[in-house]
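Colleague: Sequence and computational prediction follow.
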Amino acid sequence: MSAPAARREAVDSPPAPTRRRRRLDPALLFIAPAVALVLALFVYPFVYGLILSFQPYGEHEADGALGSYLAFFGDPRERLSIWNTLRLAVPATVIDVGLALPLAYRLRRPVPGQRVITALFVIPLTLGTVLIAEGMLQFFGPAGWVNKTLIAFGLVQQPVQFLHNYLGTLISLLISDFPAVFLLLLGYASSIDPALDRAARVLGASWWQRTWRVTLPMLAPGIAVAAALSFVATFSVFPSAVLVGNPAGETRVIAFAAWQAAYERYDYSEGSAIAIVMGAIELALVGAALSLRAGGYRRMRTEGAR
Amino acid sequence: MSVAVRRLPVRRGEIDRGAIFVYAAVAVLVLVVGGILVSVVLDAFATSWFGGWLPDGFTDRWFRAAITDFDLPQILVATAFITLAVAAIGLLVGVPAAYVLARRRFRVKGVVQVLLLLPLLLPPITYGIPLATMLYEFRLAGTAAGVIVANLVPALPLVVLLLTPFFEQIDPNLERAARVLGASPLRVFTRVLVPLAAPGVLAAALIVIVRALALFELTFLTSGADSTTLVVALYYAAFAPGIRPSQQIDAMAVVYMATSLVLLLAALRFVNPTNMVVRVRR
């Protein structure tokens, strides 16, 4: 790697038209469209939504600026959507990370057929949540292959109700979220220098010690990031909660509540308020997880140095 | 620059339990995901499927029905137009930004990086609802332009995030050497940078297209009758079961599935699967 100074003089970017007018770093012009786009399409709508959420609409107008938030938190059915979402997102994240971790850990050393295996794991990611949920209607249905197999082996007498409930939504989340977690962890795991493991082995460390004291601490940041991104994806569960869940009851998730407010009741103020609440909860939990990781990682590293 | 992997010799008779675990997990995945996909395909071609292990007979009439009932050609055209436009605009705006972020240091770089990461860290619904409301104000909601605009929000950060490390690993000395040898900045760009960056840009384009095809929420919130993409059409079809026979919905799913898988196969020729997901760099 070159020194920063060398890098700075390295490339004069291709000419920018305004250069004649004043000597501005042309680099900034290159990045300006991207920043402008994010400001216009992400930051501005967000601020707009925030302002809108404090301008209650219709019957909530009398409650003052906080009317839309009061409407959400004051209604037990609405409030419950937060719990309904967490009840899906947290187990889905924990199970997916728990399954993907040993898999990615083992696959950092290639096994025969590695390329095919990773390609197989990408398929559910490409198909997306809607197709997985739609396909589950047949496969996990009362006359689907899963129930047929269970009955054929005598494991159950009656078909198991996999669909239109909590279980169906959880299964769909597990399937559609697993590939991303796995590939993310695989990326982190394969960037660990195998020499470290070999060194530990030569020095007489057992498998358990090598895993616990060498590999896992190195993987900790990757685990935290994978868990955080997995949570982001599962916390925003929406299509599968409707298609294979019970959106009127146990899987009435917060994204669905926000959509209902904005698109069924045309209360954009409350819709925005719920969206803001959703973003706030999510960012708070992800932030907590990532700061936990920073602390945990430091601790493990210093422990390892001793 | 992968580190050469050398295995310690496995002792004779020692079973590689890890590998067995890997293959077991793959088997479960293939059974579940494969089972879902195969039953969708079978049902789409089934005359009817009651109770048995296999459909009662096969037909292609559900596909012909889907073409007329769902206006499938229109949906396919809209989907192709929207995903390609998202990828093209995303690259046009994202590539220069990624290049600058990889090569330059400037005062507000940290802020810009966080700004370009945030849309990927928030659920699409959280900014999608205010964004859709805003697009309604500008009379853009329901149009293809509105759907493209909404899909750009996660697509642009994805391009920047994927390509910044890619530009970082292109040796700046190459560009410097070209400059020293008298190439104009434009020539450096077309003759040095473009050929070097092409594989990464192609990979990013494919990833953005694959993701835009599967991204549901933003299109769902902003699309109208003639800007519905495949995934949203599939959701609407599946959302109202009983109205249509399941076979017709599954025919729709097969069309969507085939489109995605063809794109995925194309993508995997150029893309390492681990790059299909966003990697947040520390």
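Modeller: Good, I have the coordinates.
Colleague: I'd like the distance between A:F54 and A:Q260.
Modeller: Per Cβ to Cβ, to the nearest Å, A:F54 is found 20 Å from A:Q260. For glycine as for every other residue, the C-beta is placed from the backbone atoms N, C-alpha and C.
Colleague: Please apply the same query to A:L125.
Modeller: 28 Å.
Colleague: Looking at the two, which is more packed in?
Modeller: A count of neighbours by other Cβ atoms under 10 Å in any protein chain shown puts A:L125 above the other of A:L125 and A:Q260, at 22 against 18.
Colleague: That one against A:L183, yeah?
Modeller: Yes: with contact defined as Cβ atoms under 8 Å, A:L125 counts as touching A:L183 (7.5 Å).
Colleague: ok, and the closest non-adjacent residue to B:L163?
Modeller: With Cβ to Cβ, 6 or more residues apart in numbering or on different chains as the criterion, B:L163 has its nearest non-adjacent residue at 3.6 Å, and that residue is B:A98.
Colleague: Check A:Y69 too.
Modeller: Leaving aside its chain neighbours, A:Y69 sits nearest to A:A273 (5.1 Å; criterion: Cβ to Cβ, 6+ apart).
Colleague: So that neighbour is in contact with A:S68, correct?
Modeller: Yes: between A:A273 and A:S68 a contact is recorded at 3.8 Å, counting by Cβ under 8 Å.
Colleague: got any residues that touch both of these two?
Modeller: Between them, A:A273 and A:S68 share the neighbouring residues A:S53, with contact defined by Cβ atoms under 8 Å, 6 or more residues apart in numbering or on different chains.
Colleague: where does chain B dip in pLDDT?
Modeller: Counting by pLDDT under 70, the low-confidence segments of chain B come to B:1-15, B:241-242, B:273-282.
Colleague: can you give me the helices in it?
Modeller: When assigned using DSSP state H, the helices of chain B occupy the ranges B:17-44, B:61-69, B:72-103, B:109-121, B:124-137, B:144-168, B:172-180, B:185-187, B:194-214, B:217-222, B:230-239, B:246-270.
Colleague: Enumerate every residue touching residue 50.
Modeller: Reading this off chain A. Listed by Cβ under 8 Å, 6+ apart, the contact partners of A:L50 are A:S272, A:I276, B:P130.
Colleague: try chain B instead
Modeller: Residues near B:F50 by Cβ under 8 Å, 6+ apart: A:A143, B:D56.
Colleague: Report the buried residues of whatever helix or strand A:T93 lives in.
Modeller: With elements delineated by DSSP states H and E, A:T93 resides in helix A:76-107, which encompasses its position. If you call a residue buried by 16 or more other Cβ atoms under 10 Å in any protein chain shown, then helix A:76-107 has these buried ones: A:78, A:80-82, A:84-89, A:92-93, A:95-97, A:99-101, A:103-107.
Colleague: list the contacts for residue 90?
Modeller: Since you didn't name a chain, this refers to chain A. Contacts of A:V90 (Cβ under 8 Å, 6+ apart): A:F231.
Colleague: That was the other one, I meant chain B.
Modeller: B:L152, B:A155, B:L156, B:L158, B:V159, B:V208.
Colleague: The second one: what's its closest spatial neighbour, skipping adjacent residues?
Modeller: Right, the one you point to is B:A155. Among residues not flanking B:A155 along the chain, B:G90 sits closest, at 4.1 Å (Cβ to Cβ, 6+ apart).
Colleague: And for the fourth one?
Modeller: Beyond its immediate neighbours in the sequence, the residue positioned closest to B:L158 (Cβ to Cβ, 6+ apart) is B:V208, lying 6.0 Å away.
Colleague: Neighbours of that neighbour, how many?
Modeller: Neighbourhood size, B:V208 [other Cβ under 10 Å]: 27.
Colleague: swap in the one 3 residues further on?
Modeller: Using other Cβ under 10 Å as the criterion, B:R211 is surrounded by 22 other residues.
Colleague: Just give the closest residue to it, not the sequence neighbours.
Modeller: Excluding its sequence neighbours, the residue lying closest to B:R211 (Cβ to Cβ, 6+ apart) is B:L158, at 6.7 Å.
Colleague: same check, this time on A:V286
Modeller: A:V286 sits nearest to A:A228 (Cβ to Cβ, 6+ apart), 4.7 Å away.
Colleague: Surely the one you found forms part of a helix?
Modeller: Yes: with DSSP: H, G, I helix; E, B strand; the rest coil as the criterion, A:A228 is located in a helix.
Colleague: pLDDT value on it, please?
Modeller: Residue-level confidence at A:A228 comes out at 89, pLDDT.
Colleague: Next up, the contacts around it.
Modeller: By Cβ under 8 Å, 6+ apart, A:A228 lies in contact with A:V286, A:A289, A:L290.
Colleague: Of the buried residues of helix A:76-107, which ones also sit close to chain B?
Modeller: Taking Cβ under 8 Å from any Cβ of the partner chain, the overlap between the buried residues of helix A:76-107 and the neighbourhood of chain B is A:L99, A:L103, A:Y105, A:R106, A:L107.
Colleague: with those in mind, which one is nearest to A:V242?
Modeller: For those, the closest approach to A:V242 (Cβ to Cβ) belongs to A:L99, at 25.5 Å.
Colleague: gap between the closest one and A:I276?
Modeller: Distance, A:L99 to A:I276, by Cβ to Cβ: 33 Å.
Colleague: just to revisit the earlier point, quick one, which of the helices of chain B is nearest to A:R210?
Modeller: Between A:R210 and the helices of chain B, the tightest spacing by Cβ to Cβ is seen for helix B:17-44, at 12.7 Å.
Colleague: The closest one - contacts with which helices or strands?
Modeller: In this structure, helix B:17-44 packs against helix A:76-107, helix A:114-139, helix A:145-152, helix A:166-190, helix B:246-270, with contacts taken as 3 or more Cβ pairs under 8 Å, 6 or more residues apart in numbering or on different chains; DSSP states H and E.
Colleague: Tell me how many other residues crowd the residue in the stretch 51-200 of chain A that chain B sits nearest to.
Modeller: Closest approach of the stretch 51-200 of chain A to chain B (Cβ to the nearest Cβ) occurs at A:G128, with a separation of 3.1 Å. Using other Cβ under 10 Å, A:G128 has 21 other residues around it.
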